[in-house]
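J.: Below are the sequence and a predicted model; questions follow.
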Amino acid sequence: MSHATFLNRQALYLRPDTARVIVRPFKPATEPRDLNPTDKTRANHIVERVLALDPKIAASLLADVLENFQGRHRNLLETFEARTDVMEQALAAHGPFSSVQRQLIGAYFLNEYSFEASALFNPSIVPHPDQSDAPRGGLRFILSLRAVGEGHISSLTFRAGTIAADGSLTVDPTARLASSPRVKLRIPKPDGDEIELTFNPDEELSERVIFPVTESQSNGIEDARFVEFCDGGRKTYYATYTAYSGKAIRSELIETCDFLSFRMSPLRGTAARNKGMALFPRKIDGKYAMIARQDNENLYLIYSDDLHQWDGGQAILKPQFPWEFVQIGNCGSPIELDEGWLLLTHGVGPVRKYSIGAALLDKNDPSKVLARSVEPLLHPEPSEREGYVPNVVYTCGAMRHNDQIILPYAVSDTYSNFATIKTAALVRAMS
């Protein structure tokens, strides 16, 4: 059966928007290594210049800064103050500041960052925790997206949308502003800090941007695979993602119940040293289960009693068809069907062309592969071949609703779109 008979592209495009900005700490370039330790740093020079301003000129300058930037950010004066608070120890030698001086100094040590200027891609989708506004027979959903800006730094952002009773999709308008969370808690641990982040409830979902906050994430939070996890009637949203320091990668975990507060922590074990881990939406035989690819080529099934510790595993899927000869990987958490676990996969073929396929795993023993798609379900159409990374379609997670699979997918590592798949036809099409 041709994929065209059961897959429908939606033309619901989510493209990067350079106008969406957050403020990030600005740190002046480091001084030469032979600088005398008693010499003043560039930061001290900046502070001294601000303190030397006539109070009226300082107030006028601050007013000009606000006129230029206040409409682009929430609570900008508070942000300036918070930046100065972080620098308090370094600034102590300068003595007390007036509130205008504090706010102005904070402004000098911040810069705007267009977090999705280059790309908005690799989405995953889960049911919204609040279904109070869902249409009859429909569903509200949350979409996570990988945003890439200057320096190829990846962050995590969100959208909300609706699936109507007839299966049609809409995505809510994107907020004009964007905001970073407050670090509520930081727990140092041998394997890396555990972080708790919280957003202001007044901020719309699409305002919320999780930017790297630890050393392991410093060059990117990549490819979050969100899943609604059910355990004894309690629902928690988990996402595995790749933390990139600029030198090394590892898998980490996000946990949230409301998409307002997030806990981020490193994963441990031999299987967590690579990319592309995806958690099953429930325990199997009392254990957590994960799909992973610790050898860069095959897909493994791993069980664990500890959500943060992942070792070993059993290879269950290897490259078999020409469109996946280079490697295969998962495209998000398995989706539970009556027939078994539907696992979306990506395959890499000639000229590094990425396509999306599927496998059906036994519901009681996911190490048993019941069926696989011989041909890709989704591959780059001619209009989808151009972008930051050409010839790629990719997803970090789909969702079942009624008789279809809702599949958000990325196009050439640049923008995102949606497809819907008729579930029964897909199962019949796999061999």
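T.: The structure has been received and is ready for your questions.

J.: where do the strands sit along the stretch 251-400 of the chain?
T.: Counting by DSSP state E, counting those that start in this stretch, the segments of the stretch 251-400 of the chain that form strands are 261-266, 278-279, 288-292, 299-304, 314-317, 327-330, 335-336, 341-348, 354-361, 369-372, 393-394, 399-401.

J.: any idea how far the last one is from the chain center?
T.: Its chain's average C-alpha position is 20 Å from that of strand 399-401, according to Cα atoms, centre = their mean, to the nearest Å.

J.: could you check the angle strand 354-361 makes with the helix or strand following that strand?
T.: On the C-terminal side of strand 399-401, the nearest following helix or strand under DSSP states H and E is strand 404-411. Relative orientation of strand 404-411 and strand 354-361, computed by axes from the mean of the first three to the mean of the last three Cα atoms, to 10 degrees: 150 degrees.

J.: okay, strand 404-411 in CSV with CA atoms only?
T.: Coordinates of the C-alpha atoms in strand 404-411 are reproduced here as CSV (Å, rounded to 0.1, in the frame of the first residue of the first chain):
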residue,chain,number,x,y,z
GLN,A,404,-5.3,8.5,13.5
ILE,A,405,-1.7,9.3,14.4
ILE,A,406,-0.9,13.0,14.6
LEU,A,407,2.7,13.4,13.3
PRO,A,408,4.5,16.7,13.6
TYR,A,409,7.7,16.6,11.6
ALA,A,410,10.7,18.8,10.8
VAL,A,411,11.7,19.8,7.3
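
J.: following that strand, which helix or strand shows up next?
T.: Next in sequence after strand 404-411, counting helices and strands by DSSP H and E, comes strand 415-422.

J.: starting at the chain centroid, how far to the helix or strand following that following strand?
T.: Sequence-wise, the next helix or strand downstream of strand 415-422 (DSSP H and E) is helix 423-429. Using Cα atoms, centre = their mean, the mean C-alpha position of helix 423-429 is found 30 Å from that of the whole chain.

J.: Stretch 15-30 now?
T.: Relative to where its chain is centred, stretch 15-30 has its mean C-alpha point 17 Å off (Cα atoms, centre = their mean).

J.: Repeat that for stretch 123-130.
T.: In terms of Cα atoms, centre = their mean, the gap separating the centre of stretch 123-130 from the centre of its chain is 13 Å.

J.: Mind telling me what element Thr170 is part of?
T.: Under the criterion DSSP H and E, the helix or strand holding Thr170 is strand 169-171.

J.: quick one: buried residues of that strand?
T.: Taking 16 or more other Cβ atoms under 10 Å as the basis for neighbour counts, the residues of strand 169-171 that come out buried are Leu169, Val171. From N, CA and C alone the C-beta is placed, and that goes for glycine too.
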